[in-house]
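Chemist: need coordinates for the below:
(one chain, ligands or ions: 1)
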Amino acid sequence: MRNSVTVQIYTGGFGSAPERFDMPAIKDKLLRICKTADVACVMIGWNPDARISAIMDLLRGMGIEAHLWLPVFSGWDGLSPLVGRHGGPVRQDYRAENGERFDFGCPADPQNVRFIERVIETFFSASRYDGVFLDKIRFPGFMSGLQTVLTCFCPYCSELHGISEDLDFSEGDNPLHLTAYEGLRYKTGNPGVSRLFDYKAKAVTESVASLSGYFRSRGLKVGLDLFAPFLSHFVGQDYGGLAPYADYIKPMFYRKTNAPAGIPFELDVYANAFGGGPDAAAKRKGFLLNMLKADVVDSGLIGREISAIRENAGCAKLYAGVEINYNEKIAPVTARYIQESIDVMRSADGVALSWDLCSTPDENLDAALECL
Ligand SMILES: [Zn+2]
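Modeler: The predicted model follows:
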C-alpha cells in the first residue's frame, strides 16, 4: 500500500500583504509527492487576501482535497481576552519574528467560538474547501511566563476562581509536582495543578466539539493541529477527549523548530517560567525528560508518543507532523533529521509534511520522499 501524507501551504497571516506564489514550483513539488504517496489533503491558509485561485485549481485538477488552515483562539482582533487574576486581560508579550500572532483569547468563552464561525462566514468561502484544519486550539503555553498559564478568570472559567488555595509551585526541578507521565497525561501530586490542567483540557474539548459540529454540519472534514502529547497537557489539549471531534489529528513533532509549538522552544519556556536562572532551568528540563524516559528529545521518544496516541485517539486518523521547510533561525531542518523522523512515524496513518511547502528546499523534499 502506498503511504499517505498531508501537505501544508502557508499563505501568510490575516492582514499580511498577499504573497506571490511560484506556481510552477508548487506544481512540480506536488507532482513529485504524488508519484510517491497518496496526498490525503493540502492544508492551506490563512490570509484571506491571498490569491490562491491558481493553487485551488491545481488541487482540484489533481483530485486533492483542500482544507482551510485556520488559527482559532489566537491572532484575531475581536476575540474575548484571557483574563488574569486581577480581572483584566492578561499580558501576552511574545512576538514572533515572522509577525505571526500568539495573543490568545479565552478558549472557554462561547463568544469566541461564535467569533470564529463569523470569521469563516465573512472572510472565507467554506464551499471552496473540503475541510478545515484548526490550529491554536489551546490555551497559551509558558511563552509569556507563568502568569499567562494561570489563566483564565473570566466568567466562563469560574471553575478556576479560587484555585490559588490549592495551587502550589515548588521552585525546584519539578515545579508542577509531576509524579508520572501515562496515557499522554501527567499525574501531579498537587491538587491545584491537577485542577488547572484538567479544567483547561475540558474547556478546549468543549469548544472544539462545538466548532467541529458547526463544520461537520456544513459537510467539512475537521483536522486538528496539536502539540506533541508530552507538551499538550500544559495547554489544554487532551488527545483522547478531542479525537471524536476530528477526522484527523496532527501532532507537531517539531524537534527543530525554535518557535511556539516547536519542541525545543516549548521545553525552554517551560523550564524558564519558574525562575532561578539557567542552571535551575536545565535541571527542570532534565527532570521532565527523565520522566519521559529520555535523555534528549530524540526519535525514540517520538516513536513511543505515536504508539501511545494510537491507543488513545480512537478512529481519528493520525498524521505525524515533521517540519520539512527550512529557515536558518527558527527551523534549521536537515535531510538527515527528516529521514530519522519519518523512520519512526511508520505506525501512524501517514506523515504531515509541515509547515510550508513553498519554503521547503528540494533537498528536504527529496529526503522525505526517499523514505516514504
Ligand atoms: Zn476564560
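Chemist: looking at the stretch 201-350 of the chain, which residue is nearest the ion?
Modeler: Residue of the stretch 201-350 of the chain nearest the ion, by C-beta to the ion: Ala203 (7.4 Å). C-betas here are computed from N, CA, C, even on glycine.
Chemist: count the neighbours of Asn325 for me.
Modeler: Residues lying near Asn325 (other C-beta atoms under 10 Å) number 22.
Chemist: is it fair to say it lies in a strand?
Modeler: No. Asn325 is assigned coil when assessed by DSSP: H, G, I helix; E, B strand; the rest coil, not a strand.
Chemist: doesn't Ser354 make contact with it?
Modeler: Yes. Between Asn325 and Ser354 there is a contact under C-beta atoms under 8 Å: 7.4 Å.
Chemist: follow-up on the earlier one: does the residue of the stretch 201-350 of the chain closest to the ion sit in a helix, a strand or a coil?
Modeler: For Ala203, the assignment made with three-state DSSP gives helix.
Chemist: tell me the contacts of it?
Modeler: By C-beta atoms under 8 Å, 6 or more residues apart in numbering, the contact set of Ala203 is Pro107, Ala108, Phe139, Tyr156, Cys157, Gly236.
Chemist: quick check on Arg51: phi, psi?
Modeler: Main-chain dihedrals, Arg51, degrees, to the nearest 10: phi -90, psi 90.
Chemist: residues in contact with it?
Modeler: Here Arg51 is in contact with Pro18, Phe21 (criterion: C-beta under 8 Å, 6+ apart).
Chemist: ok, it to Ile44 distance?
Modeler: Separation of Arg51 from Ile44 (C-beta to C-beta, to the nearest Å) stands at 12 Å.
Chemist: again, but for Lys221
Modeler: Distance from Lys221 to Ile44, by C-beta to C-beta: 14 Å.
Chemist: for this protein, what lies in contact range of the ion?
Modeler: Cys106, Ala108, Cys152, Cys154, Tyr156, Cys157 (C-beta under 5 Å from the ion).
Chemist: tell me the secondary structure of the fifth one, please.
Modeler: Using three-state DSSP, the secondary structure recorded for Tyr156 is helix.
Chemist: quick one: pLDDT of the most centrally placed residue in the chain?
Modeler: Closest residue to the average C-alpha location of the chain: Leu226 at 3.6 Å, with C-alpha atoms, centre = their mean. For Leu226, the pLDDT comes out at 98.
Chemist: give the pairing partners of the one helix or strand it maps to; include direction for each.
Modeler: Using DSSP states H and E, Leu226 sits in strand 221-227. Its sheet considered, strand 221-227 pairs with strand 131-135 (parallel), strand 248-252 (parallel) by DSSP bridges.
Chemist: after it, next one along is what?
Modeler: helix 229-232.
Chemist: output the contacting helices and strands for that next one.
Modeler: Where contact means 3 or more C-beta pairs under 8 Å, 6 or more residues apart in numbering; DSSP states H and E, helix 229-232 is packed against helix 263-272, helix 299-312.
Chemist: got the angle between the last one and strand 221-227?
Modeler: The reference is to helix 299-312. Helix 299-312 runs at 140 degrees relative to strand 221-227, counting by axes from the mean of the first three to the mean of the last three C-alpha atoms, to 10 degrees.
Chemist: cool, and the first one?
Modeler: Relative orientation of helix 263-272 and strand 221-227, computed by the same axes, to 10 degrees: 50 degrees.
Chemist: state the mean pLDDT of helix 263-272.
Modeler: Per-residue scores along helix 263-272 average to 97.
Chemist: do the last one as well
Modeler: Here the mean pLDDT over helix 299-312 is 96, rounded to a whole number.
Chemist: contacting residues around it?
Modeler: Contact partners of helix 299-312, identified using C-beta under 8 Å, 6+ apart, comprise 183-184, 228-230, 239-240, 243, 249, 251, 253, 255, 292-294, 318, 320, 340-341, 343-345, 347-348.
Chemist: quick one, which of the residues you listed are buried?
Modeler: 184, 228-230, 239-240, 243, 249, 251, 253, 255, 318, 320, 340-341, 344-345, 348 (16 or more other C-beta atoms under 10 Å).
Chemist: out of those residues, list just those in strands.
Modeler: Ile249, Pro251, Leu318, Ala320 (DSSP state E).
Chemist: okay, now the closest residue to Gly131 other than its chain neighbours: neighbour count?
Modeler: Leaving aside its sequence neighbours, Gly131 sits nearest to Lys221 (C-beta to C-beta, 6 or more residues apart in numbering; 3.3 Å). By other C-beta under 10 Å, the residues close to Lys221 number 20.
Chemist: contacting residues for Lys221?
Modeler: Cys41, Glu65, His67, Asp130, Gly131, Val132, Phe215, Asp247, Tyr248.
Chemist: next secondary structure after the worst-scoring helix or strand of the chain on mean pLDDT?
Modeler: Lowest on mean pLDDT, DSSP states H and E among the helices and strands of the chain sits helix 146-149, with a mean of 93. With elements assigned by DSSP H and E, the helix or strand that comes after helix 146-149 is strand 178-182.
Chemist: for the helix or strand following that next one, name the packing helices and strands.
Modeler: Following strand 178-182 in sequence order, the next helix or strand is strand 185-188 (DSSP H and E). Other helices and strands packing on strand 185-188, by 3+ C-beta pairs under 8 Å, 6+ apart, are strand 178-182, helix 191-216.
Chemist: can you say which of the ones you listed is packed in most?
Modeler: Among those, helix 191-216 has the highest mean neighbour count (mean count of other C-beta atoms under 10 Å), at a mean of 19.
Chemist: what pLDDT, on average, does it get?
Modeler: For helix 191-216, the mean confidence score works out to 97.
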